[in-house]
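**Q** what follows is a predicted protein model with its sequence.
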Amino acid sequence: MRFYLLIYIFLIPLSRAHAEEVLDQVIKKSGIRGDYLGLWIHGEDRSFSHNGQKQFIPASLSKIPTAGAALEILGLGHKYTTEILADGSISSEGVLDGDLYLKGGGDPGLVSENFWSMVNELKRVGLKKIKGHIYVDDFLFDDIRFSSSRQSRRVDRAYDAPIGAMSFNWNSVNIFVRPGFKKGSPARVFLDPENEYVTLVNKAKTGTKTDIQVDRHVAGDKEQIIVTGSIDFLENEKAIYKSVTRPDLWTAYNLKAFLGRDGIDCDCSVGRKRAPATVRTLVSHESKPLREIIADMAKFSNNYVAEMLTKSLSKTQPYSMSNGVEQIRSWMGKIDIKANDYTFVSPSGFSRENKFTPEDLGKILLYIKNNFKISSEFKTALPLNGIDGTLRLRLKDTPGNIRAKTGYLSGAVGLAGFFEKNGKEYTFAFIYNGPEQFDAKAKDLFDNLIRRW
């Protein structure tokens, strides 16, 4: 018995040493300088660290503490409430002699399907016509639409969408472009959803090549989407996503469009105004539970959802990003992540100011993994390699053995989460910070490290 015990004790360090040797070879073969990499793997049988205590820009790996804090502080079943309120009475003929208010509760997942359901409920209430105005009340959040931690230059891409307590369809408009029915004819362009807030200007043609440009322009309190260029006659539908600038008015105009399509007469103006105390609730809509909203954020690394969640963590009204970030920092303090050892200003990671060590990200993951209440839901929210989300096209040779969050800014690549190998589960955090020309190689390296572990 003693003999076998000695052999067992002797073999453990050999196994770990062999693992480190193999991974060192994988790193050297990648051609990436070792000081550009922070790598950390932890398991019950063996672990590995390379610059594990060095600070790196984590990019969207920053959403890991955001998700963990939101799940634990708010609770798995937390829901956001959106209300439609009436300031006035509805006659027996279904006429509202007053104003309609749309009051936001910070729901990051409010979409067209929800408006369809809410307007159907309004019909059951008996509403047929609005004689007053439609106002949006989004005063639960402060008026700062873009976190100061984001890049200073605004772009019209969906990943840079503004946030507000009353938001809709991720505060982005979908533009679909199809070829016309013959060469030389106008391209067919569709906005989804259609409403008065966004006007379409279609200058695109059907041709022999695809070179579509879509630009967004602010026009007063509304916006224009201008589509130019050409689309090949044989091309499939192209989808482009653009953010909007005024989530409050964008949402209100969408409600007006849904009302009109369902036969509720609302030839009225739209504006922003706090709902008075005299209003009564016509419709109260609850969001899907928080655990599903976390998946919306993690699967596709949605910056908008991350920032909406963070504001909703605030303790005082109006909810602010700075207060929400402070709640996440406090949560990390509970799990022994020292405040001086990291920089966390952006809950989405859409910033180069955030700094974490791979080891501290690993600590956060291990805490979540060992927290029975949130562990399963957190893991379920993560992308699965070869199956969905931002890992859909990666490691397709072994689909489903990795649940991990990706991170990307030019020159900053990350992958962190959990993987299974030979029946054992490992927790890991990989980060690359270096020249942009090695970004793709860094992704391949991370995949190969897991393959060779």
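**A** That came through, no problem.

**Q** where does the prediction get shaky in the protein?
**A** Counting by pLDDT under 70, the chain contains low-confidence ranges at 1-16.

**Q** mind listing the helices for it?
**A** Taking DSSP state H, the helices of the chain run over residues 2-30, 63-74, 112-125, 247-261, 290-299, 303-312, 321-334, 358-369, 372-381, 439-452.

**Q** Arg403: which of those helices is closest?
**A** Taking Cβ to Cβ, helix 372-381 is the member of those nearest to Arg403, at 5.1 Å. (Each C-beta comes from the backbone N, C-alpha and C, glycine too.)

**Q** could you chop the protein up by domain?
**A** Here the chain is described, according to automatic domain parsing, as comprising the domains 2-77+291-452, 80-287.

**Q** count of residues packed around Lys441?
**A** Number of residues near Lys441 (other Cβ atoms under 10 Å) recorded here: 15.

**Q** same check, this time on Thr245
**A** By other Cβ under 10 Å, the residues close to Thr245 number 18.

**Q** again with Arg329
**A** Here the number of neighbours of Arg329 (other Cβ under 10 Å) works out to 16.

**Q** contacts only, for it.
**A** Counting by Cβ atoms under 8 Å, 6 or more residues apart in numbering, Arg329 touches 339, 344.

**Q** that one and Ile335, how far apart?
**A** Noted for Arg329: a distance of 11 Å to Ile335, by Cβ to Cβ, to the nearest Å.

**Q** check Ile144 too.
**A** Per Cβ to Cβ, Ile144 is found 29 Å from Ile335.

**Q** what of Asp388?
**A** As it turns out, when the distance is counted by Cβ to Cβ, Asp388 lies 28 Å from Ile335.

**Q** and if you look at Ala442?
**A** Shown here: Ala442 relative to Ile335, a distance of 28 Å by Cβ to Cβ.

**Q** tell me which of the two has more neighbours.
**A** Of the pair Ala442 and Ile335, Ala442 is the one with more neighbours under other Cβ under 10 Å, namely 24 against 16.

**Q** who's in contact with the more buried one?
**A** The contact partners of Ala442, taken as Cβ under 8 Å, 6+ apart, are 30, 32, 36-37, 413, 432, 434.

**Q** ok, Arg261 to Val198 distance?
**A** The separation that Arg261 has from Val198, given Cβ to Cβ, amounts to 16 Å.

**Q** please apply the same query to Leu391.
**A** Using Cβ to Cβ, we find Leu391 at a distance of 33 Å from Val198.

**Q** so which of these two has more stuff around it?
**A** Between Leu391 and Val198, Leu391 has the larger neighbour count (other Cβ under 10 Å), namely 25 against 21.

**Q** ok, so what distance separates the residue most central in space within the chain from Ile294?
**A** Most central residue of the chain, judged by C-alpha distance to the mean C-alpha position with Cα atoms, centre = their mean, is Asn302 at 1.6 Å. Between Asn302 and Ile294 the computed distance is 10 Å (Cβ to Cβ).
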